[in-house]
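Colleague: Structure for this input, please:
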Amino acid sequence: MTVARKRRQAEIEERSLLGKGIILTSSLTVVSLIVQLTGIGLIFALNNKPVPSLVQLRDGRTIRTIEIGSLERTDEVIQRFTLNTMFLLFNMSGKLPVPNKKETIIDRGFTHTYKGEQVKVATTTWQGSLALDMKFRSAFLYEISKITPPTVFNGTGSVVFVPQNITEIKKLEEGQWRVTLIANIAVFLGTEQQGEVIPFNKYVYIRAVTPPEITPWSSDIERAISEIRQMGLEIYAITDIDKPEPRS
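Modeller: The predicted structure follows:
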């Protein structure tokens, strides 16, 4: 009886250990499965997240970029585009640098025809106007010609754009913005220190466009347009601050 009882007790202990082993193994399996599923979830999350990419610039520098929608632009890009374009349009030194030389030549300007009338604008003004919508460009170049002193084209006069502030960048709709620009334009007829200051407080209307592509066969004008519009933006109107919004 004692031997039988001991044998039965051993069988009970063996079954208990086996049960505990099965429970432990099952628990470890569940934990392993949870870990694997978590890892798979993280992989899918990373796959669905825009991955920063490296882009090499023309000067050899490499920058990190992120993917955005074709009609999206950051406030920083809009502000930089606005100021860069205004500087080109309204900064006129009367001189141009000579490529690969530490020299300058007199800016003879570009002749522009508006409604049958021929006017002259500075070379940098003409370059900056490539950032304007074609329907708006011609009339605005004519307006700039009226504040451009003739002395710019003999190298003695100059015009200086003096930005004060960009107070607001308002999104009007997808791919369109209104920039509130506060600035002055100083016009110097000659070498005198005192110039005429013209307030330039405007709404600048901007929209997203597809940056033009260039090829080895692109013309000089196509290359110039591509350089100016590389941010994928254009100005389609400039109005006084108290004027209603124009049609885009």
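
Colleague: host element of the residue positioned nearest the centre of the chain?
Modeller: When CA atoms, centre = their mean is applied to the chain, the residue found nearest the centroid is V77 (3.2 Å). Using DSSP states H and E, V77 sits in helix 75-90.

Colleague: All the strands of this protein, residue numbers only.
Modeller: 53-56, 62-65, 95-97, 104-106, 110-114, 117-121, 158-173, 176-188, 196-208, 233-240 (DSSP state E).

Colleague: Work out the gap between the longest one and the centre of the chain.
Modeller: Using CA atoms, centre = their mean, to the nearest Å, the distance from the centre of strand 158-173 to the centre of the chain it belongs to is 15 Å.

Colleague: rewinding a little: for S218, which of the strands of the chain is the nearest?
Modeller: With respect to S218, and counting by CB to CB, the nearest of the strands of the chain is strand 233-240 at 18.6 Å. For the C-beta atoms, the positions are set from N, CA and C on the backbone; glycine is no exception.

Colleague: With only the CA atoms kept, save the closest one in CSV.
Modeller: Taking C-alpha atoms only, strand 233-240 is exported to CSV below (Å, rounded to 0.1, in the frame of the first residue of the first chain):
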residue,chain,number,x,y,z
LEU,A,233,5.8,79.7,-57.4
GLU,A,234,4.7,82.8,-59.4
ILE,A,235,3.1,86.2,-58.6
TYR,A,236,-0.2,86.8,-60.4
ALA,A,237,-1.1,90.1,-58.9
ILE,A,238,0.2,93.0,-56.7
THR,A,239,-2.3,95.5,-55.3
ASP,A,240,-2.6,98.2,-52.7
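
Colleague: re earlier: please verify my assumption that the residue nearest to the centre of the chain contacts L233.
Modeller: Yes: between V77 and L233 there is a contact under CB atoms under 8 Å: 7.4 Å.

Colleague: Would you format the strands of the chain as CSV with distance to D133, mean neighbour count and mean pLDDT included?
Modeller: Below are these laid out as CSV (distance: least, CB to CB, whole Å; neighbours: other CB atoms under 10 Å; pLDDT from 0 to 100):
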stretch, distance to D133, mean neighbour count, mean pLDDT
strand 53-56, 27, 9, 53
strand 62-65, 27, 9, 56
strand 95-97, 26, 14, 90
strand 104-106, 31, 12, 91
strand 110-114, 15, 14, 94
strand 117-121, 17, 15, 96
strand 158-173, 15, 14, 94
strand 176-188, 12, 18, 96
strand 196-208, 8, 17, 96
strand 233-240, 4, 19, 96
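
Colleague: In JSON lines: these, plus distance to P216.
Modeller: Shown next, in JSON lines, are these (distance: least, CB to CB, whole Å):
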{"stretch": "strand 53-56", "distance to P216": "19"}
{"stretch": "strand 62-65", "distance to P216": "24"}
{"stretch": "strand 95-97", "distance to P216": "26"}
{"stretch": "strand 104-106", "distance to P216": "29"}
{"stretch": "strand 110-114", "distance to P216": "26"}
{"stretch": "strand 117-121", "distance to P216": "30"}
{"stretch": "strand 158-173", "distance to P216": "35"}
{"stretch": "strand 176-188", "distance to P216": "34"}
{"stretch": "strand 196-208", "distance to P216": "27"}
{"stretch": "strand 233-240", "distance to P216": "25"}
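
Colleague: wait, which of the ones you listed is closest to L71?
Modeller: Taking the strands of the chain one by one with CB to CB, strand 196-208 is closest: 4.7 Å.

Colleague: In the chain, where is pLDDT below threshold?
Modeller: Across the chain, the ranges flagged by pLDDT under 70 are 1-69, 248.

Colleague: quick one, what contacts I144?
Modeller: 89-90, 121, 125 (CB atoms under 8 Å, 6 or more residues apart in numbering).
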